[in-house]
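Engineer: requesting a structural model of the entry that follows:
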Amino acid sequence: MNWNEYVLLLVGLISVVNPISAMPTFLSLTASKSPTERRRTALICAFAVAMVLFVSLLAGEPILLFFGIGLPSFRVAGGLLLLLMGISMLRVSDDRSRHTPEEDAESLDKSSVAVVPLAIPLLAGPGAISTTIVYAHRDLSLSHYLLFSTVIVSISSIVLLMLLLAPRIVAIMGQTGMNVVTRVIGLLLSSTAVEFIAGGMTELFPILAGD
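Structural biologist: Predicted coordinates:
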């Protein structure tokens, strides 16, 4: 992978994590907290997102092999999941693959919502995990893993910044602005999903490559 591909990886993965869509939930779940507690929640959430992505980067494929799942099959399945998420975002509707009303209700009874449901599964959910695993094994060199780690740190930093600025951003953009951004991200996510599915299908059925 070259530098341009890592930039595309950053854009694609931040589209999957989608901290913008998490801001209203973050504000709702931390409404009763003080500014200091809200900042601490944002920090813990960003750290948890980074940890989930790092585990996916380093242990994703061994876990798949343990369950006898090939990477091409996982790529197709991950692509389908991302496509469903992208379509949901284009329609600006709730995506139950990221979180469910039951999880939101349960989180209200917890003292800390930073890890569940904010980090998992709202931000670092199945889509982010599958995207990380698929991209992780495009190159097995040390430099690739170091650059990928830089991407993950960048994403967690963006998540932290977006959550800290959530009150201002939501107030400035309003619901219409949030919907527009969500639809654009949904389009990017759907495009990434098609690439995943096409790549996985080509590996599963080489005849589709036309060689």
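Engineer: quick check: next helix or strand after the helix or strand of the chain with the lowest mean pLDDT?
Structural biologist: Within the chain, no helix or strand scores below helix 101-107, which has a mean of 55 by mean pLDDT, DSSP states H and E. If you walk from helix 101-107 toward the C-terminus, the next helix or strand you reach (DSSP states H and E) is helix 126-136.
Engineer: toward the C-terminus, what is the element adjacent to that following helix?
Structural biologist: Note on helix 126-136: by DSSP H and E, the next helix or strand toward the C-terminus is helix 142-164.
Engineer: buried stuff in that following helix?
Structural biologist: With burial defined by 16 or more other Cβ atoms under 10 Å, the residues of helix 142-164 counted as buried are 144, 147-148, 151-152, 155-156, 158-160, 162-164. Using the backbone N, CA and C atoms, a C-beta is placed for each residue, glycine as well.
Engineer: and the angle for the helix or strand that it is followed by with helix 126-136?
Structural biologist: Under the assignment DSSP H and E, the closest C-terminal helix or strand after helix 142-164 is helix 166-204. Between the direction of helix 166-204 and that of helix 126-136, the angle (axes from the mean of the first three to the mean of the last three Cα atoms, to 10 degrees) works out to 50 degrees.
Engineer: mean confidence score for helix 166-204?
Structural biologist: Per-residue pLDDT values over helix 166-204 give a mean of 87.
Engineer: list the helices and strands that helix packs on?
Structural biologist: Secondary-structure packing of helix 166-204 (3 or more Cβ pairs under 8 Å, 6 or more residues apart in numbering; DSSP states H and E): helix 3-17, helix 19-29, helix 71-90, helix 126-136.
Engineer: so that helix versus helix 71-90, what angle?
Structural biologist: With the same axes, to 10 degrees applied, the angle from helix 166-204 to helix 71-90 works out at 140 degrees.
Engineer: what comes up buried for helix 166-204?
Structural biologist: Neighbour counts over helix 166-204 (16+ other Cβ under 10 Å) mark 166, 169-170, 178, 181-182, 185-186, 188-190, 192-193, 196-197, 199-203 as buried.
Engineer: ok now stretch 150-161, how far from the chain's centre?
Structural biologist: Per Cα atoms, centre = their mean, to the nearest Å, the displacement of stretch 150-161 from the mean C-alpha position of its chain is 11 Å.
Engineer: in stretch 126-139, what's buried?
Structural biologist: Residues of stretch 126-139 classed as buried: 126, 127, 128, 129, 130, 131, 132, 133, 134, 135, 136 (neighbour count, 16+ other Cβ under 10 Å).
Engineer: ok now do the nearest residue to the fourth one once chain neighbours are set aside, which residues does it touch?
Structural biologist: Take residue 129 and drop its neighbours on the chain: the residue closest to it by Cβ to Cβ, 6 or more residues apart in numbering is residue 56, 4.7 Å away. By Cβ atoms under 8 Å, 6 or more residues apart in numbering, the residues touching residue 56 are 128, 129, 132, 133, 136.
Engineer: quick one: buried residues of the helix or strand where residue 56 lies?
Structural biologist: When secondary structure is defined by DSSP H and E, residue 56 falls within helix 35-66. Within helix 35-66, the residues that qualify as buried are 38, 41-42, 44-54, 56-57, 60-61, 64, counting by 16+ other Cβ under 10 Å.
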